[in-house]
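> Mind looking at a prediction? Sequence and model below.
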Amino acid sequence: MSERLTAGEICTREVAIAYRHTDLVTAAQLMREHHVGALVVIDETQGLRTVAGVLTDRDIVISVVAPELA
């Protein structure tokens, strides 16, 4: 196994996003639609987009699903 791949060779450059105001059900649907486990959360103010954070499927499970199981 001498051949190596860079992350850029195996990853897509298109990033699945959600906006800060996106509800969790819609965010989960976006993850399913794009086959990803995380979304980059965007804040858009005065036409400028900035990254506000990352929402993962684990975040949803720990914060929303798991507390109901305790």
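Yep, that arrived. Numbers count the residues shown, from 1 in each chain.
> For beta bridges, what are the partners of Ala18?
Val41 (DSSP bridges).
> Now do the same contact list for it.
Residues counted as contacts of Ala18 (C-beta atoms under 8 Å, 6 or more residues apart in numbering) are Thr26, Ala27, Leu30, Leu39, Val40, Val41, Ile42, Leu55. For the C-beta atoms, the positions are set from N, CA and C on the backbone; glycine is no exception.
> and the second one, what pLDDT?
Spelled out, that is Ala27. Listed pLDDT for Ala27 reads 96.
> Now do it against Ala18, distance only.
Taking C-beta to C-beta, to the nearest Å as the measure, Ala27 falls 5 Å from Ala18.
> what sits in contact with each of the two?
Leu39, Leu55.
> if I've got this straight, Asp59 is in a helix?
Yes. With DSSP: H, G, I helix; E, B strand; the rest coil as the criterion, Asp59 is part of a helix.
> For it, give its distance to Val65.
Per C-beta to C-beta, Asp59 is found 10 Å from Val65.
> dump the residue contacts of the nearest residue to Arg49 once chain neighbours are set aside.
Sequence neighbours aside, Ile42 is the residue nearest to Arg49 in space, at 5.2 Å (criterion: C-beta to C-beta, 6 or more residues apart in numbering). Taking C-beta under 8 Å, 6+ apart, we find Ile42 in contact with Ile17, Ala18, Tyr19, Arg20, Arg49, Thr50, Val51, Ala52.
> next one: phi and psi at the residue nearest to His34 when sequence neighbours are not counted?
Leaving aside its sequence neighbours, His34 sits nearest to Ala16 (C-beta to C-beta, 6+ apart; 4.1 Å). With angles defined as degrees, to the nearest 10, Ala16 sits at phi -80, psi 130.
> Might one say that Ala16 is in contact with Arg32?
No. Judged on C-beta atoms under 8 Å, Ala16 makes no contact with Arg32 at a distance of 10.4 Å.
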